[in-house]
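Novice: could you look at this predicted model? Sequence included:
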Amino acid sequence: MRRYVSLVAAMGFCLCFAGAAFGADEEFARMDQNKDGKLSQEEFVRWYPVKVWKKADGDGDGYVQETEWIPVREGLAQYRRQEARDAEVKQ
């Protein structure tokens, strides 16, 4: 029974992790208005400033592919977490 519980717990963990990795980007999908699998500058700046666009378009082709977006999204999330921690410290 213990093995079964451990196996189920491990499977649950893997499914959660896979969901985070593979569902990566509901946000990207929302931003991709024409559903062509890449973000034009026009699509991108509806959600984020041009300053972020310049960092996101890593290869300079004028589009942000999901592979370029993921590290930018993670960097933004880290920045937001740090801002939240800083705000807590100030209180």
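Specialist: Yep, it's here. Numbers count the residues shown, from 1 in each chain.

Novice: what residue is smack in the middle of this structure?
Specialist: residue 73 (3.9 Å; Cα atoms, centre = their mean).

Novice: all strands of the chain, in order?
Specialist: 38-40, 63-65 (DSSP state E).

Novice: from the middle of its chain, how far away would stretch 63-79 be?
Specialist: Averaging C-alpha positions (Cα atoms, centre = their mean, to the nearest Å) puts stretch 63-79 6 Å from its chain's average.

Novice: which outside residues touch it?
Specialist: With Cβ atoms under 8 Å, 6 or more residues apart in numbering as the test, stretch 63-79 has contacts from 24-25, 27-28, 37-40, 44, 48, 52-53, 55-59. Bear in mind the C-beta positions are built from the backbone N, C-alpha and C, glycine included.

Novice: stretch 35-46 now?
Specialist: The list of residues contacting stretch 35-46 from outside it, by Cβ under 8 Å, 6+ apart, reads 28-29, 31-34, 50, 52-53, 56-57, 62-66, 69.

Novice: would you mind writing the CA trace of stretch 56-66 as PDB?
Specialist: Taking Å, rounded to 0.1, in the frame of the first residue of the first chain, the C-alpha atoms of stretch 56-66 are listed here in PDB:
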ATOM      1  CA  ALA A  56      12.000  39.400 -26.000                       C
ATOM      2  CA  ASP A  57      12.900  39.500 -29.700                       C
ATOM      3  CA  GLY A  58      16.200  37.900 -29.100                       C
ATOM      4  CA  ASP A  59      17.000  37.000 -32.800                       C
ATOM      5  CA  GLY A  60      15.800  40.400 -34.100                       C
ATOM      6  CA  ASP A  61      13.500  38.900 -36.700                       C
ATOM      7  CA  GLY A  62      10.600  41.100 -35.700                       C
ATOM      8  CA  TYR A  63       8.600  38.300 -34.000                       C
ATOM      9  CA  VAL A  64       8.700  36.700 -30.600                       C
ATOM     10  CA  GLN A  65       8.400  32.900 -30.800                       C
ATOM     11  CA  GLU A  66       7.300  30.900 -27.800                       C
END
